[in-house]
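Engineer: Structure for the following, please:
(4 chains)
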Protein chains: 2
Amino acid sequence: MSTKNKILDAAESLFADKGFNGTSLREITSLAEVNLAAVNYHFGSKKELIKAVMSRYMNELSPILETVLIALCQQEEKPTLNDVFSAFIDPLLSLNVFKENGTSNFLQLLGRGYTDSQGFLRWFLTTQYPGVISNFVTAVQKSYPELTPEDIFWRLHFTMGTVVFTMSSTDALTESDFDKKMDIAGVIRKVIPFVAAGVAAPIGD
Amino acid sequence: MSTKNKILDAAESLFADKGFNGTSLREITSLAEVNLAAVNYHFGSKKELIKAVMSRYMNELSPILETVLIALCQQEEKPTLNDVFSAFIDPLLSLNVFKENGTSNFLQLLGRGYTDSQGFLRWFLTTQYPGVISNFVTAVQKSYPELTPEDIFWRLHFTMGTVVFTMSSTDALTESDFDKKMDIAGVIRKVIPFVAAGVAAPIGD
DNA sequence: GTCTATAACTAGATAGAC
DNA sequence: GTCTATCTAGTTATAGAC
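Structural biologist: Purely as a prediction, here's the structure:
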C-alpha cells in the first residue's frame, strides 16, 4: 500500500471522527505510520489533503448517482418521492464495498464539510460536482411538480441536514442512547421515510 | 458592561460562526477588548467558557419550553404534530428579544455542540436539561400514540438534525444560494411543516 | 520518495506585578 | 480584577541530507 493511500485512509477516519479542525497532521501521519513531511510532499497542504479525501469518494459516487437519477427522470411513470430518495440507498451502501465503513465515513465527512472550516468544502463540492445536485432537483420536480423552486431548494437543504447530521452524530447514538444497536443500513431505512414525508409535506407557508 | 459578559458575548458570536475548535481564546479576548488572561480568571478554562455560553441560553429557554410543552400535554383535545412543533416557535424567537441574533446564535451553537468536540456539549445538555427532552417526547407521544418509543427516538433525532444543521449553515444560504433573503423566522416557518410531516410519516420499516 | 531537523507560528494556561 | 510576560506544548510547513 502506497504512502499516499495510507495517508488518505488515516486522514479519512480521523476527519470523520474528530472533524477537520480537530485533527492534526501529526495524528494523521502517526496513525498512517508515515513521516510527518509526507503529507506536504504528496498533497502540498492540509486543505488539499481534505479535498483529496472527499474527491476519492465523490469520484466513485457521483457517476453512479447521476446514472440512477437520470434513469428515474427518464422512466415513463412518475416516480414517487420515496422512489427518488430510495435511489440513494444502493449507491451509498456500495461505498461499503469500495471501502470499509465507506458509507458512514463519507456521510460524516459530508457533515463536517458543511460545518467545519466555514464551508470551503461545501463550495468545493457544489462547484466540482454540480451534476448530482441538478439531477436530484430534476427528479424531485418530476415527482412533485407543484413545489416551487424555492421550496425545493429549502426542502432539499433540510434533507441534506437531516441525513448529514444524523450520520455525523450517529456513532455515539448507535452505542449509547438506545440499547438496540443499529447499523448504517438500518439508519438509512429509518431516515428515508422521514425525509420523503418532509419533502412531500403540503405547501403553504 | 462587565468583563465577564463582554467575554460571553464575544465568545458566543465567534463560536456560532467558526465553531468551538475553530475559535481561539485570543480571538475572543481581542473581540471583547479584554485581556487574554481574563478568560482563565473568570471561567477557568475554555471548556468551562463553552458551557457558560450555552447555559446562558438554556437557563433562559428551558423553563419556557417546559411550560408550553406541559400545557400542550395537559390540554383536553389531542394536539397535532404541527401544534407540537409550532410550540417551539415563540420560545425560540423570544431569544431574539433576550439578545440580538439570539435565536440563530443559539441554534448554531447547538449544532456546533453536536459535531465539534466529540459530543461533550451534547452530554452536558442532555444531563443538565433533561426536562425539555422528556416533555417533548411526551407531547409527541400524545399526538401520535402509534409511534414506538424507538421510532420516536429516531425521528426526534432526525428533527434535531434538520433544525440544527439548517441553522448552522444558514448564514451562507440566506446570503448567496437563493437570491431572496430570508430571516430566521422565515426559515423556521419553512422547516416546521417539513419536520412535522417527517415525524408524522407512516410507520413500517 | 522518504527521512531528520527545525523554522515560524499559534494554542491554552499561569505566575506575578500592580 | 486586570495587566504583562512567559511557559509549555501544540500547530503547519519547509529545507536539505540520504
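Engineer: Quickly find the element holding residue A:146.
Structural biologist: Assigned by DSSP states H and E, residue A:146 belongs to no helix or strand.
Engineer: Next up, the contacts around residue A:114.
Structural biologist: By C-beta atoms under 8 Å, 6 or more residues apart in numbering or on different chains, the residues touching residue A:114 are A:121, A:122, A:160, A:164, B:165, B:168, B:169. Any C-beta I mention is one placed from the backbone N, CA and C, and that applies to glycine too.
Engineer: So the residue nearest the centre of chain A: helix, strand or coil?
Structural biologist: By C-alpha atoms, centre = their mean, chain A has its centre lying nearest to residue A:107, at 3.6 Å. Secondary structure, DSSP: H, G, I helix; E, B strand; the rest coil: residue A:107 is helix.
Engineer: What angle do helix B:102-115 and the helix or strand that contains residue A:115 make with each other?
Structural biologist: Take DSSP H and E as the rule and residue A:115 turns out to sit in helix A:102-115. Helix A:102-115 and helix B:102-115 are oriented at 150 degrees to each other (axes from the mean of the first three to the mean of the last three C-alpha atoms, to 10 degrees).
Engineer: Helix or strand next in line after helix A:102-115, which one?
Structural biologist: From helix A:102-115 onward toward the C-terminus, using DSSP H and E, the following helix or strand is helix A:120-128.
Engineer: ok, back up a step: the helix holding residue A:115 - what's its average pLDDT?
Structural biologist: On average, the pLDDT along helix A:102-115 is 87.
Engineer: related to what we said a few turns ago, would you list the contacts of residue A:114 in TSV and tack on pLDDT?
Structural biologist: Below are the contacts of residue A:114 laid out as TSV (pLDDT from 0 to 100):
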residue	pLDDT
A:121	76
A:122	77
A:160	89
A:164	82
B:165	83
B:168	75
B:169	72
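Engineer: State the phi and psi torsions of residue A:145.
Structural biologist: Recorded main-chain torsions at residue A:145 are phi -70, psi -20, according to degrees, to the nearest 10.
Engineer: Report the contact partners of it.
Structural biologist: Contacts of residue A:145 by C-beta under 8 Å, 6+ apart: none found.
Engineer: and what of residue A:123?
Structural biologist: Taking C-beta under 8 Å, 6+ apart, one finds nothing in contact with residue A:123.
Engineer: What of the one 3 residues further on?
Structural biologist: With contacts defined as C-beta under 8 Å, 6+ apart, the neighbours of residue A:126 are residue A:133.
Engineer: repeat for residue A:133
Structural biologist: Listed by C-beta under 8 Å, 6+ apart, the contact set of residue A:133 reads residue A:126.
Engineer: Can you classify it by secondary structure?
Structural biologist: With three-state DSSP as the basis, residue A:133 sits in helix.
Engineer: Which pLDDT value goes with it?
Structural biologist: Taking residue A:133 on its own, its pLDDT is 89.
Engineer: The one 5 residues further on now?
Structural biologist: Residue A:138 is assigned 94 on the pLDDT scale.
Engineer: related to what we said a few turns ago, what's the distance between the residue nearest to the centre of chain A and DNA strand D?
Structural biologist: 23 Å (C-beta to the nearest atom of the strand, to the nearest Å).
Engineer: does DNA strand D sit close to stretch A:43-62?
Structural biologist: Yes - Stretch A:43-62 lies within reach of DNA strand D by C-beta under 7 Å from any atom of the strand, at A:44, A:45, A:46, A:47.
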